[in-house]
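**Student:** I would like to see how this sequence folds:
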Amino acid sequence: MSDLPNLLLASLNPTSRKQAEQNLQTLSVQPSFLSVLLRLVLDQSQDRAIRLAASVYLKNVVKTRWEDEEPPVPEADKTALRSELIPAMIALSNASSKAMRAQIAEAISLIASKDFPELWPDLMDQLVQSLSEENYDVNIGVLETAHSIFRPWRSEARSDPLFLTINYVLERFATPFLSLFNHSAQLLFAVPAPPNLSLVAQAVVLLVDIYYDLTCQDLPPAMEDNHLHFFGPPDGLFIKTLTLERRELQGDLDDTTPSLSAQIKTGILEICELYIKLYPEMMLNAGSVPAVVQQVWQLVGTDRRLSVGDDGLVSQSLRFISTTIRTGHYKELFGSRETISQLVQGIVVPNVGLREHEIEQFEDDPLEYIRLDLSLPALGGAGVSADAMTRRQAAAEVLRALVSSGFEADTTEVAGAWIGQGLQQYNAKPEVNWRAKDTAIYIMTAVATRGSTTQHGVTSTNTLVDVVQFFSEHVFQDLQAEAGSVHPILQVDAIRFLYTFRNQLVKAQLLSVLPLLVRHISSENYVCYTYAAISIERILFIKQGNQLMFTQADIHELAPHLLDALLTKIESAETADKIAENEYLMRCAMRVIITARSTLVQGYEQILLRLVAILGVISKNPSNPLFDQYIFESMSALMRFVVGAKSTTLPTFEQALFGPFTIILQQDIDQYIPYVFQILAQMLELHTTDVPAEYRSLLPFLLTPPAWQQKGSIPGLVKLLKAFLSRDAKQMVAANQYPAVLAVVQQRLIPSKLNDAWGFELLQSVVQHIPPSELKQYFRALLVNLLTRMQTSKTDKYVYNFVYFLAFTMALNVDGLGPDYVISSVEEIQPQLWSQIVGNFVAPQAPRMPPKDRKVVVVGLTRLLTQSVLMLQEPSVNAWPAVFTALATLFQEPQYLTKKDEVDDPDAGLTAIDFEEQTAGYQAAYSRLAASESVTVDPVAYVRDPREFLGQEMVKLSRQDPRIKTLVAAADATVARPFLASLAGSGYVI
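**Tutor:** I've put the predicted structure just below:
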């Protein structure tokens, strides 16, 4: 491993990265690799870039392989690393090692999430023993690590294992934590200031964060006992700290990063907001809220805190006010008209106005301006970081809170006066006073909103405000205006107003403004054309009930011009990075294609070639996974609808895509390979007759180990192999290629807890399409493989997949296949094994099957009970009543067992997909292409009514075999009797 430093350095260089990463991958499976890597991080003689790269690589190996089976991290290496990490983190306590320490802390957090406390019982003891009242360098490292372990609790669902872990931590950590908190608070206020005040303040920031972590799920006894110590007015530690003004901890007015003082206060206000939501009685009884509100007023009232560095503190202060208003417990604090007027004048208006740095951002960093402007979470949502809100949004949220909490009349009137004043100022001098109108529109947007979601915009409005009238009188003129005739921010305001209140406009109104939005796509202003794209995309996604409001008939004339404008704008960027940075344009193009559907048959070739050309440019340097998702989704959707309408167009798609896809596979562009496999599968599935030679030549590569190394590729590969099996099974048998598919399942997929479900999915396709006589020679070995995994590392998910696979195989209506095909293969492994499998797995698991799988399971079990000779032989017959009980249990919810009579929308899955909140990932994440998904085919479509099928088969069997009545009588009477009575009522008497 002597070459490790050079390889890490080479991995930072784009020209040598690929080879270096492959070599590192090879090295990483050697014993003690992680410990060697950690020693390299700690080696002060090494170049800093190497040490940092080593810390990142260590964290990534832990992230991707700690619990993975291929290749596993040896248990001895895990034990060694767990013992080395805390000392290493302490050794990195100096300020110059902060970046490395952050990576090590994250690695500890990742391991703790899997191993703590069971396999790492001394972790808390190690951390606690490292805390002291003197060495704040070490304290900071310990607290950072503790916070990285506890922080995930904030978003975890409540569960017994979670509370066991939290209690385990509190027993060991709570007392020393509170002791250090009190000591640090004393130092914070000490006069004269201690020489290490800055370090103490950094520690207090972390102590406040950890206080939130420890109380975010439930109120620990230690915190409950100390509640007044922290929250009691006027000298509770949190109340007092909100008044902290130490020059040494203040930032400069020009600072864009928050000062330590601001970070501490922001964290305290986050805790106050949490307590108001989760423990309102504690806050009421302690009388804390009026004292905190008073401090907030002192902090942010009337033009205080103008620095950009204070944005987080101001936003969180306003969030605290909004949350307090929404609780309804403090109406006496906020309910008077005078208070509302003071809130609007002193807090809302000063923070809603655009500031110079935001105007500069609009011009110089438009993408960041857009992302901040759109980052408002679903209103009133819990657990959203204050970082997600700008000052403007937080100030507007105060107005929304007042409107939705019963104060709408006074709030509307007070805000209305400010809106009127702003519009008056603008009309007097439009060129000079455009900011006054911007503020007026923003206040109007806030006061008009009662309910809102990120996905759907405003869902309910303030009835005292006429949104449509305001749009017509004051906003529409800016939407219509020629570029340059009004300030571009006012044009963006007009587009955003439309975007925000899209659900309040009827279809005819939206159709009338769409051409104006299309015109703005050609704007020279980045924010303007991007907002236009965002608004069009969201408008096209509006639903009425379960149906999309806009159909292909509505936009077929507009779609070609709109796509041309969008693709022209994308193509106009100069570099791969610049093209891919604006995913909003590509997402809009995708939504237009999905909405226009088959109307794009005319002119589709040009659209396809332009998409392929854009892909060719960005593939040189993939940089934005969202853009990638949308461009592949666009190509897939275009093919889905155009080929669906005109099947002769498929060769054109293949001709355009095979070349670029071959390059992607040859150059191993791993970000794109999962998409390529899905689209290849989609094209292959569209062939209804012979499979072209180009596909067949690809198959040998798909069955080699390198193709399966990237985790993100596995679902796409499975989809592609399933397409081969459904379209070309005869050729795969003739060329003896299907055994290689079985080898992939047995060696690569079934042994992996991460991928076993994909293995079963592929197996189902094999038994569905490969003739049973061919498969028989491999079936016993396959079952041995499945049972070995069951024995060595059984999981609930695995048992479910295993039982479903058995039921699926028995349910298929394929000559030569059936229950006895399965049973005879199991009995070849070991006599009487089948009765154990049925008794231990099939009968107990079957009633727990999810609704989507129940019809297949019912048909499979029906055939097992009624069409199997071997099932009626000793000792298997002893399990017959238990299987019948399971079957009768499944019929207790008959609605899940028959397909609805109406024709399902084959594109429902596609139109239901909303990418608004989707996060696409590269390596480990599988980015599914919704447009490439085919309609699920019912594998037991030959059975229309499973109950009727069971009744007929049972009657037939009871006539042939007199034992059946005795076997039925041995089933669980509470379930079986009502079911038999209902069968008899339908004419099936057993």
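
**Student:** for this structure, what's the longest helix?
**Tutor:** Counting by DSSP state H, the longest helix found in the chain is helix 160-189.

**Student:** packing partners for whatever helix or strand comes next after that one?
**Tutor:** Once the chain leaves helix 160-189, the next helix or strand it forms, by DSSP states H and E, is helix 197-215. Helices and strands touching helix 197-215, by 3 or more C-beta pairs under 8 Å, 6 or more residues apart in numbering; DSSP states H and E, are helix 136-150, helix 160-189, helix 221-225, helix 260-278. The way it works is simple: take the backbone N, C-alpha and C, and place the C-beta from them, glycine included.

**Student:** point out where the stretch 451-600 of the chain drops to low pLDDT.
**Tutor:** For the stretch 451-600 of the chain, no stretch has pLDDT under 70.

**Student:** need the contact list for residue 877.
**Tutor:** 871, 963, 967 (C-beta atoms under 8 Å, 6 or more residues apart in numbering).

**Student:** if we can go back for a sec, and the longest helix of the chain with helix 260-278, angle?
**Tutor:** 140 degrees (axes from the mean of the first three to the mean of the last three C-alpha atoms, to 10 degrees).

**Student:** pretty sure residue 761 contacts residue 718?
**Tutor:** Yes. In terms of C-beta atoms under 8 Å, residue 761 counts as a neighbour of residue 718; the distance is 5.9 Å.

**Student:** of these two, which one has the most company?
**Tutor:** Higher neighbour count among residue 761 and residue 718: residue 718, with 25 against 18, using other C-beta atoms under 10 Å.

**Student:** roughly how far does that one sit from residue 434?
**Tutor:** According to C-beta to C-beta, to the nearest Å, residue 718 and residue 434 sit 56 Å apart.

**Student:** mind putting the helices and strands packed on helix 197-215 into a markdown table with mean pLDDT, mean neighbour count and distance to residue 375?
**Tutor:** Listed next are the helices and strands packed on helix 197-215 as a markdown table, based on pLDDT from 0 to 100; neighbours: other C-beta atoms under 10 Å; distance: least, C-beta to C-beta, whole Å:
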| stretch | mean pLDDT | mean neighbour count | distance to residue 375 |
| --- | --- | --- | --- |
| helix 136-150 | 95 | 23 | 23 |
| helix 160-189 | 97 | 16 | 29 |
| helix 221-225 | 96 | 14 | 31 |
| helix 260-278 | 97 | 23 | 17 |
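
**Student:** can you redo these as JSON lines with distance to residue 362?
**Tutor:** Shown next, in JSON lines, are the helices and strands packed on helix 197-215 (distance: least, C-beta to C-beta, whole Å):
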{"stretch": "helix 136-150", "distance to residue 362": "35"}
{"stretch": "helix 160-189", "distance to residue 362": "39"}
{"stretch": "helix 221-225", "distance to residue 362": "44"}
{"stretch": "helix 260-278", "distance to residue 362": "25"}
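
**Student:** which non-adjacent residue is nearest residue 567?
**Tutor:** residue 610 (4.9 Å; C-beta to C-beta, 6 or more residues apart in numbering).

**Student:** what does whichever strand or helix holds residue 568 contact?
**Tutor:** In the assignment (DSSP H and E), residue 568 maps to helix 559-571. Residues outside helix 559-571 that contact it (C-beta under 8 Å, 6+ apart): 518, 521-522, 529, 533, 536, 555, 579, 582, 585-586, 588-589, 592-593, 595-596, 599-600, 603, 607, 610-611, 613-614.
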